[in-house]
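# Got a predicted structure plus its sequence, pasted below:
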There are 2 protein chains.
Amino acid sequence: MGTAVGGGRSVPRYVQIADEIVQQIRAGVLKPGDMVPSESELVDRYGVAGGTIRKAMVEVRASGLVETRHGKGSLVKARPPVRHRSSDRFRRSHRKGGKAAYLAESEQAGATAKVSVLFIGPADAPGDVAERLGVDAGDKVLARRRLYFRNGTPVETATSYLPWDVVKDIPELFSENPGPGGIYARLEDDGHVFAEFVETLQARPASKAESSELALSPGAPVVHLIRDAVTEEGRVVEVCDTLMAADQFVFSYRIPAAD
Amino acid sequence: MGTAVGGGRSVPRYVQIADEIVQQIRAGVLKPGDMVPSESELVDRYGVAGGTIRKAMVEVRASGLVETRHGKGSLVKARPPVRHRSSDRFRRSHRKGGKAAYLAESEQAGATAKVSVLFIGPADAPGDVAERLGVDAGDKVLARRRLYFRNGTPVETATSYLPWDVVKDIPELFSENPGPGGIYARLEDDGHVFAEFVETLQARPASKAESSELALSPGAPVVHLIRDAVTEEGRVVEVCDTLMAADQFVFSYRIPAAD
DNA sequence: TAGTGGTCTAGACCACCCC
DNA sequence: GGGTGGTCTAGACCACTAA
């Protein structure tokens, strides 16, 4: 049983240890791809109890520099170049180039990107989505749900909702690959000219289900982004509901200095 | 010493307990303002060891529904109405109304707002800020650091950096209250007409220091926002570095559908 | 099968808060 | 002083992973 030295120090031992490990990573003593010493080895090295090392490793994980897997150990992550998600990516000139926004951005960053389509088909509009689309809750809409990978790991899930009367005559929207420029190009081909996009973001800790879908440590932050695509007639013809691993993205927006 | 029942259950006991407590809050059994039962009481109620309750409470805190203070206990938080931080708040017409952006938004939301100025004065430009301002790292700039409160709790720290040659002839910028419309109005009065603002956001877990400054549970997500204020001459005359409690804000941006 | 992380116990001491 | 949360111990058992 513990002789309990007590927690009297101003800065707790487990924080000190966590900081030391994080510093070793930042300083390059532990390089990406290296394994962090096992917990029992750290117990010996620091001369503390297992629980203390355990708490320290929780802190280290929270720094996002390390990935822990159960029977294996903790791996120093290759600092993934974050994807810069700029508001400029909706420019028509990017679409005319034939690429969807995500592909252009990924190539720019020199990363391997993959999209896996999880579902395309009719669905009942969820309440908040229906409100944004200006239809009744439960009305039939087209849902397009997909999972984005980056360098092999899932980083983002996205579901687009489109009113049925908008999509029913555009067969490409029911296809996994809607063609050059993506679904926005098809919508503009069909006469739905966009005036603006409105993005709403909120960051919060991932739920258990979300953290497993995005392969995150439980409680790691995610960004919930909802985008309304508004046409020149003022109609919202698409709502895109997106969940992203927060450590994988930087968002940037240009705001004109309007009167 | 423990007879160690072991952690064999598929869903750990501490998660079960945490979920139960969270459900009690969501269902209104525990109302805002109530105290969560003390840890020792929970130990008796659930018949588990203190450490298990402790881990459960860490989970509960991560939900953001509860605020724990050392010698007191855990208080069920009044679900604060989030502040909607819209990109429209930089419109000149809002400034002409005489109010700074944050005040207008807070009043709109019916919340009490307070700003505490922590520092105004010359400072050496940090590297990344210097780069954005187009000056050398370490050059003298004006720093304005402030802490924003909402209903009595700190929700945001912000530091503005302005090049010295821009501010040296605008005495109001050295004052705690720069007058109607805030510092942007003073800058435009002085001939620095804004063309656009560029905001860059990233969400991540709070560090220990940050979580104490913003009265957050350690590891709760924060949003790091950096804004460049760009004039019509293309010069960045202000960089504002902001750290926000993620659960207190929703961000929204309008993106014109440009060519 | 050996090693690793994950869960749990029972008990100690400390620091903070309020009466 | 009595209660509350925060840190720490020493040891047990379990689940996952890889040789």
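Great, that's in hand.
# For the rest of this, base every contact and every neighbour count on C-alpha atoms.
OK.
# Quick check: can you list the domain ranges of chain A?
A:13-76, A:83-252 (automatic domain parsing).
# In JSON lines: those, plus distance to DNA strand D and mean pLDDT.
JSON lines is the format used below for the domains of chain A (distance: least, CA to the nearest atom of the strand, whole Å; pLDDT from 0 to 100):
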{"stretch": "domain A:13-76", "distance to DNA strand D": "3", "mean pLDDT": "93"}
{"stretch": "domain A:83-252", "distance to DNA strand D": "12", "mean pLDDT": "87"}
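# if you compare those, which one is most tucked away?
Using mean count of other CA atoms under 10 Å in any protein chain shown, the stretch among those with the largest mean neighbour count is domain A:83-252, at a mean of 18.
# Need the domains of chain A in JSON lines (columns: distance to residue B:47).
Formatted as JSON lines, the domains of chain A follow (distance: least, CA to CA, whole Å):
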{"stretch": "domain A:13-76", "distance to residue B:47": "21"}
{"stretch": "domain A:83-252", "distance to residue B:47": "25"}
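# and the residue nearest to residue A:242 when sequence neighbours are not counted, what does it touch?
Excluding its sequence neighbours, the residue lying closest to residue A:242 (CA to CA, 6 or more residues apart in numbering or on different chains) is residue A:158, at 4.2 Å. For residue A:158, the contacting residues are A:145, A:146, A:147, A:148, A:240, A:241, A:242, A:243, by CA atoms under 8 Å, 6 or more residues apart in numbering or on different chains.
# now swap in residue A:73 and tell me
Listed by CA under 8 Å, 6+ apart, the contact partners of residue A:73 are A:35, A:36, A:37, A:38.
# Equivalent analysis for residue A:95, please.
A:101, A:180, A:181, A:182, A:185 are the contacts of residue A:95 under CA under 8 Å, 6+ apart.
# can you check residue A:18 too?
Taking CA under 8 Å, 6+ apart as the test, what residue A:18 contacts is A:56, A:57, A:59, A:60.
# Roughly how far does the second one sit from residue A:248?
When you say that, I think you mean residue A:57. 21 Å (CA to CA, to the nearest Å).
# do the first one as well
Using CA to CA, one obtains 24 Å as the distance from residue A:56 to residue A:248.
# same thing with residue A:235?
Here residue A:235 is placed at a distance of 32 Å from residue A:248 (CA to CA).
# Distance check, the nearest residue to residue A:135 once chain neighbours are set aside against residue A:229.
Distances taken as CA to CA, 6+ apart put residue A:163 closest to residue A:135, at 7.8 Å, once the chain neighbours are dropped. Here the criterion is CA to CA. By it, residue A:163 lies 12 Å from residue A:229.
# Let me know whether residue A:65 touches residue A:77 as I believe.
Yes: Residue A:65 lies in contact with residue A:77 (CA atoms under 8 Å); the separation is 5.6 Å.
# Paired strands for the helix or strand where residue A:149 lies, with orientation please.
Secondary structure from DSSP states H and E places residue A:149 in strand A:140-150. Each strand that pairs with strand A:140-150, with its direction, by DSSP bridges: strand A:113-124 (antiparallel), strand A:153-163 (antiparallel).
# any chance of those strands in a markdown table, with distance to residue B:124 too?
Below are the strands paired with strand A:140-150 laid out as a markdown table (distance: least, CA to CA, whole Å):
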| stretch | distance to residue B:124 |
| --- | --- |
| strand A:113-124 | 41 |
| strand A:153-163 | 37 |
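# between these, which one is nearest to DNA strand C?
Counting by CA to the nearest atom of the strand, DNA strand C lies closest to strand A:153-163 out of the strands paired with strand A:140-150; the figure is 18.5 Å.
# Going along the chain from that closest one, find the next helix or strand for me.
Next in sequence after strand A:153-163, counting helices and strands by DSSP H and E, comes helix A:164-167.
# And residue A:171, how far from chain B?
According to CA to the nearest CA, to the nearest Å, residue A:171 and chain B sit 24 Å apart.
# Report the contact partners of residue A:82.
Taking CA under 8 Å, 6+ apart, we find residue A:82 in contact with A:247, A:248, A:249, A:250.
# nearest to residue A:86, of those?
Residue A:86 has its nearest neighbour among those in residue A:250, at 8.2 Å by CA to CA.
# Tell me which other helices or strands the helix or strand hosting the closest one touches.
Assessed by DSSP H and E, residue A:250 sits inside strand A:249-256. Applying 3 or more CA pairs under 8 Å, 6 or more residues apart in numbering or on different chains; DSSP states H and E, one finds that strand A:249-256 contacts strand A:83-86, strand B:194-205, strand B:249-256.
# quick one, which of those strands is nearest to DNA strand C?
Counting by CA to the nearest atom of the strand, DNA strand C lies closest to strand B:194-205 out of the helices and strands packed on strand A:249-256; the figure is 18.2 Å.
# The closest one pairs with which strands?
strand A:249-256 (antiparallel), strand B:221-231 (antiparallel).
# Name whatever forms a beta bridge with residue A:251.
Beta bridges link residue A:251 to residue A:85, residue B:201, judged by DSSP bridges.
# Tell me the spacing between it and residue A:233.
Taking CA to CA, one finds residue A:251 at 28 Å from residue A:233.
# Tell me the spacing between residue A:52 and residue A:59.
Separation of residue A:52 from residue A:59 (CA to CA): 11 Å.
# And residue A:158, by the same measure?
Counting by CA to CA, the gap from residue A:158 to residue A:59 is 30 Å.
# just residue A:14 next, same as before
8 Å.
# Is any residue of the helix or strand harbouring residue A:22 near DNA strand C?
Using DSSP H and E, residue A:22 maps to helix A:13-26. No: counting by CA under 7 Å from any atom of the strand, DNA strand C has no neighbours in helix A:13-26; the shortest distance is 12.6 Å.
# Keeping just the C-alphas, turn that helix into PDB.
Extracted as PDB, the C-alpha positions of helix A:13-26 are listed here (Å, rounded to 0.1, in the frame of the first residue of the first chain):
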ATOM      1  CA  ARG A  13       4.600  15.400 -10.600                       C
ATOM      2  CA  TYR A  14       2.500  14.000 -13.500                       C
ATOM      3  CA  VAL A  15       2.500  17.400 -15.200                       C
ATOM      4  CA  GLN A  16       6.200  17.700 -14.800                       C
ATOM      5  CA  ILE A  17       6.700  14.300 -16.400                       C
ATOM      6  CA  ALA A  18       4.300  15.000 -19.200                       C
ATOM      7  CA  ASP A  19       6.000  18.200 -20.000                       C
ATOM      8  CA  GLU A  20       9.400  16.500 -20.100                       C
ATOM      9  CA  ILE A  21       8.100  13.900 -22.500                       C
ATOM     10  CA  VAL A  22       6.500  16.600 -24.700                       C
ATOM     11  CA  GLN A  23       9.700  18.600 -24.700                       C
ATOM     12  CA  GLN A  24      11.600  15.600 -25.800                       C
ATOM     13  CA  ILE A  25       9.300  15.200 -28.700                       C
ATOM     14  CA  ARG A  26       9.400  18.900 -29.600                       C
END
